[in-house]
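J.: What follows is a predicted protein model with its sequence.
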Amino acid sequence: MGYLSSADLLPSLQSRFRQGHSTETAVLWVLSDILQAVDRGDTAALILLYLSAAFDTVDLAILLQRLQTTFGIDDSAHRWFQSYLSCRHQYVRRGSARLTIVYLICDAPKGSVLQGSVLFVFYAYKKHSCRKEAARCFVSSY
């Protein structure tokens, strides 16, 4: 994540996965933004989205394309991501029997060194997609 921060590849208002940014700083930023808007006589709104299955909806083809076009990950590094994300499957085991194997086309891996929530930041990232003052982002896998 250090490289992504130093290369300015993370959204500037992204909390988590960045040194000096946490749940606490995200809450303080939002509270400060709301209080400043109220002091100016503006309308303030807070929209919280609970996307419990957001990581399960990551389209792996789009993620791989975004890694290449937005973050400049290509050649052997891109092939590594493709290998890591492709041909993943899941199945249910009951006793010693395995039920039908299902190959995944969506779903960011969880519980690994490269957490699904980090991959979700890459997937959801759109540079300059909203006004700087308008949105803050905190992604968590909790």
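T.: Great, that's in hand.

J.: OK, contacts around residue 90?
T.: Shown in contact with residue 90 (CB atoms under 8 Å, 6 or more residues apart in numbering): 101, 102, 104. Using the backbone N, CA and C atoms, a C-beta is placed for each residue, glycine as well.

J.: Now do the helices in the protein.
T.: Counting by DSSP state H, residue ranges of the helices within the chain are 2-6, 23-39, 60-69, 75-85, 116-124.

J.: In CSV, list the C-alpha atoms belonging to the second one.
T.: The C-alpha coordinates for helix 23-39 follow below in CSV (Å, rounded to 0.1, in the frame of the first residue of the first chain):
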residue,chain,number,x,y,z
THR,A,23,-12.0,4.6,11.3
GLU,A,24,-11.5,7.4,13.8
THR,A,25,-10.1,9.9,11.2
ALA,A,26,-12.9,9.1,8.9
VAL,A,27,-15.5,9.8,11.6
LEU,A,28,-13.7,13.1,12.5
TRP,A,29,-13.6,14.2,8.9
VAL,A,30,-17.3,13.5,8.4
LEU,A,31,-18.3,15.3,11.6
SER,A,32,-16.1,18.2,10.7
ASP,A,33,-17.6,18.4,7.2
ILE,A,34,-21.1,18.3,8.6
LEU,A,35,-20.4,21.0,11.2
GLN,A,36,-18.8,23.3,8.7
ALA,A,37,-21.7,22.9,6.3
VAL,A,38,-24.2,23.7,9.1
ASP,A,39,-22.1,26.7,10.2
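
J.: Are there helices or strands packed against it, and which ones?
T.: Taking 3 or more CB pairs under 8 Å, 6 or more residues apart in numbering; DSSP states H and E as the contact definition, the neighbouring helices and strands of helix 23-39 are strand 14-15.

J.: Brilliant, that's me finished.
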